[in-house]
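> below are the sequence and a predicted model for it; my questions follow.
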Amino acid sequence: MPPKADINKAGWEQSEFPILCETCLGPNPFVRMSKQEYGKSCGTCARPFTVFRWNPGEGARFKTTVICQTCAKIKNVCQTCLLDLEYGLPTQVRDTALGVHSDAPTSDINREYYAQNMEGKLNGNKSGLDSMRTSSAGKEMLKQLARTDPYYKRNRPHVCSFYAKGECNRGTECPYRHEIPAENDLGHQNMQDRYYGRSDPVARKILSGNAENQGLQPPDDVTVTSLFLSSLPAKSTELSIRTAVLQSLPNVQPTQLKSIVHVEKTRCAFVNFKERLTAETAAQAWANGVEIDDERVAVKWGRSKPKQPSNLAGPSASSVTASES
């Protein structure tokens with residue numbers, strides 16, 4: 001009589017080869033890997049999965065898979081570095097550019113259940129992002145930011161914590177890097193934020209840098225919370241603009257949008273947000289333009305209009321106007 005199957009292993013994952021980016025795999029075409037079935041729990045869904053470990057090249061640290069293949073396919077990311085497989089970018093950058101909203105649960109109770117359901121829906125190497133509609137402006141933005149060549153520097157050993165404290169006595173035999181780590185936001189990263197694309201310091205740096213390069217650097221006046229859209233399609237209406245804005249910013253709630261002022265005669269509009277942080281998020285997402293009514297529209301920051309002298313009569317003018325190009 002065959003042994004009874006362990007019901008606790010029904011949702012556990014087995015695999016023959018990991019899903020990796022070219023950087024994590026390394027330059028050696030004959031890399032050797034160790035394989036351990038159910039070696040540890042997935043860093044996102046907490047299910048036991050097959051763990052792979054290997055050395056990507058001379059002078060590099062040993063690397064290992066940290067999430068299961070199902071979670072990697074849902075987000076189309078590498079099982080080790082959690083960067084997008086197509087563009088080599090953090091998921092927050094990709095999802096912001098493409099207007100993708102993740103409906104994956106983050107609570108411990110629902111993550112495993114969600115992963116098991118998604119495993120049955122994903123066929124072969126199909127990604128969970130394949131069926132999503134994306135804008136041309138977002139794709140152009142990702143092509144500009146994408147890393148085209150492997151970045152093997154990312155495989156270097158970690159910084160020696162004893163050296164940073166001045167206590168390492170191993171000298172040249174120490175397998176870790178003898179460098180003083182920089183004190184900034186990039187030194188505070190975690191797996192959950194990288195995978196789910198939330199509060200990722202690397203993504204924030206990439207998005208803010210791209211916005212500045214496209215002329216969308218936030219104005220010094222922190223009271224400015226408006227973005228100016230120009231060259232709108234002739235068929236655009238306030239409703240179509242509002243719909244396009246909310247669709248391109250899936251993580252922004254409708255209540256965070258203060259108002260939309262559409263000037264039909266000049267084919268322009270002001271998108272006014274309630275908070276400055278939300279406006280900055282929109283500017284980063286629209287750095288290469290925003291798609292409204294199937295056409296790409298240019299975006300600029302609004303700016304405060306100079307205050308009128310108090311002794312002047314007549315109604316006050318609009319509080320914002322287009323920023324200078």
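Ah, there it is. Quick caveat, the model's predicted, so the values are computed rather than measured.

> which SS class is the closest residue to P254 other than its chain neighbours?
Closest residue to P254 apart from its sequence neighbours, by Cβ to Cβ, 6 or more residues apart in numbering: L246 at 6.1 Å. Every C-beta, even on glycine, is put in place using the N, C-alpha and C of the backbone. Per DSSP: H, G, I helix; E, B strand; the rest coil, the local secondary structure of L246 is helix.

> quick check: L246 touching I260?
No: look at L246 against I260 with Cβ atoms under 8 Å: they stay out of range, at 10.3 Å.

> circling back: residues contacting the residue nearest to P254?
With contacts defined as Cβ atoms under 8 Å, 6 or more residues apart in numbering, the neighbours of L246 are 252, 254, 257.

> what comes up buried for stretch 154-173?
Under the neighbour-count criterion of 16 or more other Cβ atoms under 10 Å, stretch 154-173 has 155, 160, 163 buried.

> tell me the phi and psi of the second one?
Backbone dihedrals for C160, given as degrees, to the nearest 10, come out at phi -70, psi 120.

> can you tell me how far it is from C81?
When distances are taken as Cβ to Cβ, to the nearest Å, C160 and C81 turn out to be 21 Å apart.

> what's the closest non-adjacent residue to S240?
Once its chain neighbours are removed from consideration, S240 has its nearest residue in D293; the separation is 5.5 Å (Cβ to Cβ, 6+ apart).

> and that neighbour, what does it touch?
By Cβ under 8 Å, 6+ apart, the contact set of D293 is 232-233, 235-236, 240, 244.

> out of those residues, which are buried?
In those, the ones that pass as buried (16+ other Cβ under 10 Å) are 232, 236, 244.

> list the contacts for the closest residue in space to the last one that isn't next to it in sequence?
Using Cβ to Cβ, 6+ apart and skipping the chain neighbours, the partner closest in space to A244 is I292 (4.3 Å). For I292, the set of contacting residues under the criterion of Cβ under 8 Å, 6+ apart consists of 229, 232-233, 236, 240-241, 244.

> and with 7 Å instead?
232-233, 236, 240-241, 244 (Cβ atoms under 7 Å, 6 or more residues apart in numbering).

> and for R147?
Counting by Cβ under 7 Å, 6+ apart, R147 touches G88.

> look up how far L227 lies from it.
Taking Cβ to Cβ as the criterion, R147 is separated from L227 by 29 Å.

> one more: E238?
15 Å.

> likewise N288?
N288 sits 14 Å away from L227, taking Cβ to Cβ as the criterion.

> now C160
The spacing between C160 and L227, counted by Cβ to Cβ, is 46 Å.

> Three-state assignment for S34, please.
The three-state assignment at S34 reads strand, by three-state DSSP.

> neighbours of Q14, how many?
The local packing count at Q14 equals 11, with neighbours defined by other Cβ atoms under 10 Å.

> pLDDT score for the closest residue to it other than its chain neighbours?
Spatial nearest neighbour of Q14, chain neighbours left out: T50 (5.5 Å); criterion: Cβ to Cβ, 6+ apart. Among the per-residue scores, T50 holds a pLDDT of 95.

> and what of R133?
The score at R133 is 59. That number is its pLDDT.

> hey, what's the residue nearest to A244 bridged with?
Using DSSP bridges, the bridge partners assigned to I292 are E295.
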